[in-house]
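Trainee: Sequence and predicted structure below; questions after.
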Protein chains: 2
Amino acid sequence: MRTLPLSRVYQLIEAGPTVLLTTARKGRANVMTMSWHMMVEFEPPLIACIVSNANYSFEALRATGECVIAIPAAKLARKVVQVGNVSGRDIDKFERAGLTPLPAKRVAAPLVAECFANLECKVVDRRLVGKYCLFILEAVQAWIDPRQKHPKMLHHRGYGRFVVDGALIKIRSSKP
Amino acid sequence: MRTLPLSRVYQLIEAGPTVLLTTARKGRANVMTMSWHMMVEFEPPLIACIVSNANYSFEALRATGECVIAIPAAKLARKVVQVGNVSGRDIDKFERAGLTPLPAKRVAAPLVAECFANLECKVVDRRLVGKYCLFILEAVQAWIDPRQKHPKMLHHRGYGRFVVDGALIKIRSSKP
């Protein structure tokens, strides 16, 4: 993994990828699938996300205030669905899905080795957690896997249907 | 335009499309480009979005509490960038970009005729507007254009670079 400048985090998140979210609590790591997240600020990068209180990850995120957002390329689609279909309450989802947790630098939650980008995050605002399960995170460290060239993101369309990134087009713009 | 069941709104928004956001204030309609938004609740569909207070649309959204989120297909990419590069403070952006405002049913903000989906929205929570310019919207009416078959979404990667939807894949899942 190579450090990704925090100023570039928004270019990953605003594209709307399906991501994995990892947490660690009492020495136990967990991972869930997430599609409800957005950028809030460029730098320091703030990210909002919804983690339902029906998810086992909710309590870990609320208790520890730390997580990792890991972005899988399309080839991981089956693992992404597998992670989304079972609860970490009962099993080790990393092991079940064949995903590899790696130590992060700034948070206790693990990176996901197979993902092409990993964002270490800390919860910075909990005001909307009670009503909407909406957390505001700050990405404090970002990683990119230089071995994965031109990774294609997944975009969830409900019930295991994903659109995979297609062509990249460029149109001259004066705005980020 | 045909009514889209509100229960299906999340399948559009969670895929992470670049969208247009329209407002209307004092008889004047405006449109901006937006990439920072996410689902918050399935039904009634709640959507969070960031509308910077540097944008002319911010004041209109705050004052009226109404907007339309319109989803453009890839063929509208040039118009999307054009809308994003100028301010509605000075010009009629619909006219400039060659986009057609249509009357909405439940809000004063207009639909965008060229977009394949339009979501009429009302602001339902302003608690994070002051700090993050984060609005919580409820989609109260949704429309789909049945003439646009299999529209491809745009996903912004910064500075006018977009990834266009590619292949659709399906993996059996038990979760929405």
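Mentor: Perfect, thanks for sending it.
Trainee: and the residue in chain A that chain B sits nearest to, helix, strand or coil?
Mentor: Here chain A gets closest to chain B at one residue, A:Gly16, 0.9 Å apart by Cβ to the nearest Cβ. C-betas here are computed from N, CA, C, even on glycine. Following DSSP: H, G, I helix; E, B strand; the rest coil, we place A:Gly16 in the coil state.
Trainee: what's near enough to touch the nearest residue to it once chain neighbours are set aside?
Mentor: Once flanking residues are discounted, A:Gly16 sits nearest to B:Gly16: 0.9 Å by Cβ to Cβ, 6 or more residues apart in numbering or on different chains. Residues near B:Gly16 by Cβ atoms under 8 Å, 6 or more residues apart in numbering or on different chains: A:14-17, A:35, A:155, B:153, B:155.
Trainee: Pick the one among these closest to A:Leu102.
Mentor: Distance to A:Leu102, by Cβ to Cβ, is smallest for A:Pro17 among those, at 19.5 Å.
Trainee: which one is that closest one nearest to, not counting chain neighbours?
Mentor: A:Met153 (3.9 Å).
Trainee: now A:Ser57
Mentor: Closest to A:Ser57 by Cβ to Cβ, 6+ apart is A:Met32, at 4.6 Å.
Trainee: Is it correct that the one you found is in contact with A:Asn85?
Mentor: No. Between A:Met32 and A:Asn85 there is no contact under Cβ atoms under 8 Å: 10.6 Å.
Trainee: out of those two, which sits in the more crowded spot?
Mentor: A:Met32 (24 against 17; other Cβ atoms under 10 Å in any protein chain shown).
Trainee: Buried ones in the one helix or strand that one maps to, by neighbour count?
Mentor: For A:Met32, the host element (DSSP states H and E) is strand A:28-34. Under the neighbour-count criterion of 16 or more other Cβ atoms under 10 Å in any protein chain shown, strand A:28-34 has A:29-34 buried.
Trainee: try stretch A:67-82
Mentor: Judged by neighbour count using 16+ other Cβ under 10 Å, the buried positions of stretch A:67-82 are A:67-74, A:76-77, A:79-82.
Trainee: Geometric centre of chain A: which residue is closest?
Mentor: With distances taken as Cα atoms, centre = their mean, the residue of chain A nearest its centroid is A:Ile69 (2.4 Å).
Trainee: now that one, what's its secondary structure?
Mentor: Under the three-state scheme (three-state DSSP), A:Ile69 adopts strand.
Trainee: List the residues that contact it.
Mentor: Counting by Cβ under 8 Å, 6+ apart, A:Ile69 touches A:13, A:19-21, A:34, A:37, A:47, A:49, A:118-119, A:121, A:137, A:139.
Trainee: make it 7 Å
Mentor: Each residue near A:Ile69 by Cβ atoms under 7 Å, 6 or more residues apart in numbering or on different chains is listed here: A:19, A:21, A:47, A:119, A:121.
Trainee: And A:Leu119, by the same measure?
Mentor: So, once contact is read as Cβ under 7 Å, 6+ apart, A:Leu119 ends up touching A:9, A:68-69, A:139, A:142.
Trainee: Would you reformat those as JSON lines and include pLDDT and distance to B:Arg106?
Mentor: Formatted as JSON lines, the contacts of A:Leu119 follow (pLDDT from 0 to 100; distance: Cβ to Cβ, whole Å):
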{"residue": "A:Val9", "pLDDT": "98", "distance to B:Arg106": "36"}
{"residue": "A:Val68", "pLDDT": "98", "distance to B:Arg106": "40"}
{"residue": "A:Ile69", "pLDDT": "98", "distance to B:Arg106": "35"}
{"residue": "A:Ala139", "pLDDT": "98", "distance to B:Arg106": "37"}
{"residue": "A:Ala142", "pLDDT": "98", "distance to B:Arg106": "40"}
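Trainee: nearest to A:Glu43, of the residues you listed?
Mentor: Looking at those and their distance to A:Glu43, the nearest is A:Val9, at 8.0 Å (Cβ to Cβ).
Trainee: just checking, the closest one touches A:Glu138?
Mentor: No. Here A:Val9 does not reach A:Glu138: they are 10.2 Å apart, not a contact under Cβ atoms under 7 Å.
Trainee: which residue ranges form the helices in chain A?
Mentor: A:9-13, A:56-64, A:77-85, A:93-97, A:129-132 (DSSP state H).
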